[in-house]
Every structure is written in structure tokens, then in C-alpha cells.
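Chemist: quick one, what's the 3D model for this:
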Amino acid sequence: MKIIIVGASGTIGKRVASALEKDHEIIKVGSKSGDIQADITSPASIEKLFKQAGSFDALVSMAGDAYFGPLKTTTDKEFNIGIHSKLMGQINLVLIGQHYINPKGSFTLTSGSLTEAPVLSGANASVANGGIDAFARAAAIELENGVRINAVSPTVVEDSPGYFPYFPGHIPVTMKQVVNGYIKSILGAGTGQVIKIH
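Modeler: Prediction:
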């Protein structure tokens, strides 16, 4: 399979790429690194990405930023970070990518446990994650030619201790658990699923 990994240089992206590259052709995409550079907040940049990559069998996204900060002081501009980056960035990968993906291909997006288990200062991430889950379920009934779509929803991972203070009392998951969630989406048969790793 020819698999595009958006966010391939990140903590999770590196491990997913490593797990897949022995059996599949991997195209690594990052904002500043990788085989192709792309800005997912720009539809024009996403279009250019797919023109460079050509037709593909699977796309996996672990990209997109969200704002963390107290709700009381959060501004519209700050809240739009998660909307434009993590939510619309990933949605646009599908809206544009559906015209380049091979029949029976798949999209795998990344949401997160904050949809169901919010934390202090995390409202923006919760909204972005919830939107991604809803989009995956809805897009699954409209994508054509047997194309599948799922969202992987991890909680904080062991390899990201910097995030632990934001998740008091949450039990970190192993990177192996998270990677297996992505493998299930990419190589499995399910669609419209939210694969929870928490």
C-alpha cells in the first residue's frame, strides 16, 4: 500500500511510520520536515500535497494544533486555533483527498479522549476532537468507491510526559496500544468508527 502519514515526525507519527514502512510505501508529511511539506490550515497547500503525492491507498493524520488555556480568558482568536488547525485541517485532508484516493482506500484521523473526558483549560481541544469524531461517522456514509474513514481517539501517551499535568488522574496508554489503534483503522475493514485508546 501507498500510505501518506501527515504528522510523521511527531511522537505518534514516528512510531506509526516505523510500524508500517517495512511492508508499505510511506510518504512522510510534515509542516517543516518529511518527504513533502504541507500546511494543513491551507487548502491550497493540501491540494499541492496530493498533487505531489499522486494517488494513494491510505492517509493517516496525526496533525493539527489546539489551544489550551482557561475558558474565562479564552478569546475567539485563540479558540479558532483548534477549529482551523486540528478540526478543519484534518477535514480538508479528506474533502480534498477523496478526489485522489484509490478505490477501497482509507482515511484515519486523530481526535482524542477529551471529547468524553474534558480537562481544565482543554475546551478547544474537546470541541475539535468531538468534531473529528462526528465527521468520521458522517463521512463514512457518503465516501464513494469503498473508501473507509475512522478516527483514532487516544488519551495521553506514556511517551509524552509533558502533557501529564493537563491530565490529572488519567492513566497514560502505551505507545504500542496507540500504534495498534492506527493499524486497526488502516489495515482493518471498519468504517465510521471512533477507535478509543483510553
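Chemist: longest helix in the chain, by residue count?
Modeler: For the chain, the longest helix by residue count, based on DSSP state H, is helix 123-139.
Chemist: what segments of the chain are strands?
Modeler: 2-6, 25-30, 36-37, 56-61, 101-110, 148-154, 193-197 (DSSP state E).
Chemist: not counting its neighbours along the chain, what's nearest the residue nearest the centre of the chain?
Modeler: Taking Cα atoms, centre = their mean as the criterion, Thr110 is the residue nearest the geometric centre of the chain, at 2.9 Å. Of all residues not flanking Thr110 in the chain, Met62 sits nearest, at 4.8 Å (Cβ to Cβ, 6 or more residues apart in numbering). C-betas here are computed from N, CA, C, even on glycine.
Chemist: residues near the one you found, how many?
Modeler: Using other Cβ atoms under 10 Å, the number of residues around Met62 comes to 25.
Chemist: that one reaches Ile12, doesn't it?
Modeler: Yes. The criterion here is Cβ atoms under 8 Å, and Met62 meets it with Ile12 at 4.9 Å.
Chemist: now list whatever residues contact both of these two.
Modeler: Thr110 (Cβ atoms under 8 Å, 6 or more residues apart in numbering).
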